[in-house]
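# next come a sequence and a model predicted from it.
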2 protein chains.
Amino acid sequence: MRYVLGIDGGGSKTVCVLMNDARQVIGRGEAGPSNYQSIGIAATLKSIQSAIHSAVTSMVTIEAICLGLAGVGRVTDIEVVKVLVQELQNSKLLPIIWDLQPSNIVICNDALIALVGGIGHDVGIVVAVGTGSIVFGRNHQGDTKRVGGWGYILGDEGSAYKIAVAGMQAALKSYDGREISTSLVESFKQHLRLTNIEDLIEVIYRRGWGVKEIAALAPIIDLVAALGDEVANKIIDDAVQELVKATSTVINAIFNHDSVLEVVTAGSVWRGRCKMHERFAASIINNFPRVKVIFPRSEPAYGAGLLALQKLS
Amino acid sequence: MRYVLGIDGGGSKTVCVLMNDARQVIGRGEAGPSNYQSIGIAATLKSIQSAIHSAVTSMVTIEAICLGLAGVGRVTDIEVVKVLVQELQNSKLLPIIWDLQPSNIVICNDALIALVGGIGHDVGIVVAVGTGSIVFGRNHQGDTKRVGGWGYILGDEGSAYKIAVAGMQAALKSYDGREISTSLVESFKQHLRLTNIEDLIEVIYRRGWGVKEIAALAPIIDLVAALGDEVANKIIDDAVQELVKATSTVINAIFNHDSVLEVVTAGSVWRGRCKMHERFAASIINNFPRVKVIFPRSEPAYGAGLLALQKLS
């Protein structure tokens, strides 16, 4: 048996899987965040080491490793992560015999490992929608295309953050008398224990809330939409249409209109009550009848493991 | 002659005018910001004192004062500003004999003084659009109505910040292949000296830019729109329509549809090259034929002075 590591490093946690060349997961571990651009190299190294330590419980020889990290794309990022892998190899803490050819070290962004984990191979499209959003595809020739992923100010259309902000804006417009009434007003008041919807200002600007805290309000809009509110449903439909447009752009860029292919929807937003997944799938299939929209078959760390295994063959 | 002070306290500067009961400005002074919620009470007091000091050059008796301050609206805010006025009266630094009845101290938000300064009296509507946006009106009965003013995350439709963000989003969507091409891409690259439009991420997220720095990019969209770019013009038209809708809501709330009234457009955004003021005026007059859209006749500090003078009569 030969062994590899697959690592999924994100802004909230790091996952590591130990996999053998029969694509079986032998061990799995989790640790804290590893987005080095925010938390620094040292903390990232610590999280990755800790995730590996939980995954690998007895001595093993590792012949390939794949790290899929949020925000890693440019050459300078990849150089930073290479140094990080070197540090791992120098570490005496892990029960690992490293046997890594440089070509067996794969460094990529988190969208690719989500694609490979979600579908089970490296051809198709991932529509990753959580706090942020990105659509990423890869065809049989190895051509890739990314749409979105520009962050909460410049993009992230369809994301939990954008849905939450649109929900609060709609509630305040309704309160102003600019838009039709919506039960979002009462829902925000109840959920955030506000006396008046004007106190949203207090919550959003004066409590030092960041993108994650705001994005965590998206389930309010989801629930109100599921209960039939017109304004909330329009927000969800707008989000879906943004994601359909981004996905269509990727299909048109690197596939043929009648290609048989799978689109995997990854991330928290797709599991809500208001059936975003179904709305998205219906719209995609309407435009591209031979495309199949699926939920992820496996997690991104598993996808990283598969990408590492490719290097052994 | 009797004398009053009018003070306009904002996020970038503080303006003070010394006015006599013939509505003449005798002195004028400027100082640093005085938005106490951001910079604190001590710094705000210093700015206001400094602005008064520049406006009042020889000994004078002040019988009324009006302070119009950004973000001041709730009862707790007004209590804070009252304490601040008490501190001013205790100060030995100013060449002022204070003769203030408590009822001659007017504390209000900056929208009201912009309305009064802009129109010359206290009936009408102000559409204040700079970094943020707010529409505020007051009718003959003294009823007021505010629409917007919810800040850069929750609202500020039509503001310089929102125009700048929409411009960058459109440029990136065009670059992704999601939208038609626009010369915004080249304009941002040139203006910000970017090798690639993807480097917008670097500028917006990693240089620690705030709302003001981003809002300062709005003139790029304005210029590109003035040169005829379709995407940039749609952004400007969308901003105008948001402001028309907000203004219409205020008219419908506190005026009659056929009221004769003036709407004053205040703030940096209205002075651009792409004729936002004309687009806005055309749309308003189309809906409300007896409304007149004007540029401000005087600055907000003058409006504060007029509100202080009202207390003497």
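Nice, I can see it.

# report the buried residues of the helix or strand that A:Val83 is a member of.
Using DSSP states H and E, A:Val83 falls within helix A:75-90. Residues of helix A:75-90 classed as buried: A:Asp77, A:Val80, A:Val81, A:Leu84, A:Val85, A:Leu88 (neighbour count, 16 or more other C-beta atoms under 10 Å in any protein chain shown). Glycine gets a C-beta too; all of them are placed from N, C-alpha and C.

# helices or strands next to the helix or strand in which A:His277 is found in the packing?
Element membership for A:His277, per DSSP H and E: helix A:276-287. Helices and strands touching helix A:276-287, by 3 or more C-beta pairs under 8 Å, 6 or more residues apart in numbering or on different chains; DSSP states H and E, are helix A:230-254, strand A:261-266, strand A:291-294.

# chain B is nearest to which of the ones you listed?
helix A:230-254 (5.0 Å; C-beta to the nearest C-beta).

# where do the strands of the stretch 1-150 of chain A begin and end?
A:3-9, A:14-20, A:25-31, A:60-69, A:96-98, A:105-109, A:124-129, A:133-138, A:144-148 (DSSP state E, counting those that start in this stretch).

# now those strands as a markdown table including mean neighbour count, mean pLDDT and distance to chain B?
What follows is the strands of the stretch 1-150 of chain A, written out as a markdown table (neighbours: other C-beta atoms under 10 Å in any protein chain shown; pLDDT from 0 to 100; distance: least, C-beta to the nearest C-beta, whole Å):
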| stretch | mean neighbour count | mean pLDDT | distance to chain B |
| --- | --- | --- | --- |
| strand A:3-9 | 28 | 96 | 19 |
| strand A:14-20 | 25 | 97 | 22 |
| strand A:25-31 | 17 | 96 | 25 |
| strand A:60-69 | 24 | 95 | 16 |
| strand A:96-98 | 15 | 94 | 33 |
| strand A:105-109 | 20 | 93 | 13 |
| strand A:124-129 | 28 | 96 | 14 |
| strand A:133-138 | 26 | 95 | 9 |
| strand A:144-148 | 23 | 94 | 4 |
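
# of all these, which lies closest to B:Tyr152?
strand A:133-138 (20.5 Å; C-beta to C-beta).

# quickly check: stretch A:230-244 near chain B or not.
No: against chain B, stretch A:230-244 shows no contacts by C-beta under 8 Å from any C-beta of the partner chain, the least distance being 8.9 Å.

# what residues sit buried inside that stretch?
Applying 16+ other C-beta under 10 Å to stretch A:230-244 flags A:Val231, A:Ala232, A:Asn233, A:Lys234, A:Ile235, A:Ile236, A:Ala239, A:Val240, A:Glu242, A:Leu243, A:Val244 as buried.

# residues contacting the nearest residue to A:His121 once chain neighbours are set aside?
Once flanking residues are discounted, A:His121 sits nearest to A:Leu306: 7.5 Å by C-beta to C-beta, 6 or more residues apart in numbering or on different chains. Shown in contact with A:Leu306 (C-beta atoms under 8 Å, 6 or more residues apart in numbering or on different chains): A:Gly6, A:Met19, A:Arg23, A:Val116, A:Gly117, A:Gly120, A:His121, A:Asp122.

# the fourth one: neighbour count?
The one in question is A:Val116. 29 (other C-beta atoms under 10 Å in any protein chain shown).

# that one against A:Ala308, yeah?
No: in this structure, A:Val116 is not within contact of A:Ala308 by C-beta atoms under 8 Å, at 10.4 Å.

# identify the residue nearest the geometric centre of chain A.
With distances taken as C-alpha atoms, centre = their mean, the residue of chain A nearest its centroid is A:Ala128 (4.5 Å).

# these two touch, right, it and A:Leu112?
No: look at A:Ala128 against A:Leu112 with C-beta under 8 Å: they stay out of range, at 10.5 Å.

# between those two, what contacts are shared?
Common neighbours of A:Ala128 and A:Leu112, using C-beta under 8 Å, 6+ apart, are A:Phe136.

# contacts for the lowest-mean-pLDDT helix or strand in chain A next, please.
Least confident helix or strand of chain A, by mean pLDDT, DSSP states H and E, is helix A:36-39 with a mean of 79. Residues outside helix A:36-39 that contact it (C-beta under 8 Å, 6+ apart): A:Gly11, A:Pro33, A:Ala43, A:Thr44, A:Leu69, A:Gly71, A:Val80, A:Val81, A:Leu84.

# what's the answer for stretch A:245-260, then?
The contact list for stretch A:245-260 (C-beta under 8 Å, 6+ apart) reads A:125, A:127, A:133, A:135-139, A:143-148, A:157-158, A:261, A:263, A:284, A:287-292, B:176-178.

# go again using 6 Å as the cut-off
A:125, A:127, A:135, A:137, A:139, A:143, A:145, A:147-148, A:261, A:290, B:177-178 (C-beta atoms under 6 Å, 6 or more residues apart in numbering or on different chains).

# from the residues you listed, which single one is nearest B:Gly167?
Distances from B:Gly167 to the contacts of stretch A:245-260, taken by C-beta to C-beta, are shortest for B:Arg178, at 15.1 Å.

# how about that closest one, what does it touch?
A:Lys245, A:Thr249.

# for it, give me phi and psi.
Here is the backbone geometry of B:Arg178 (degrees, to the nearest 10): phi -80, psi -20.

# leaving out sequence neighbours, find the closest residue to A:Gly29.
Distance criterion C-beta to C-beta, 6+ apart; nearest residue to A:Gly29, sequence neighbours excluded, is A:Ser54 at 2.5 Å.

# now A:Gly10
A:Ala70 is the one closest to A:Gly10 (C-beta to C-beta, 6+ apart), at 4.9 Å.
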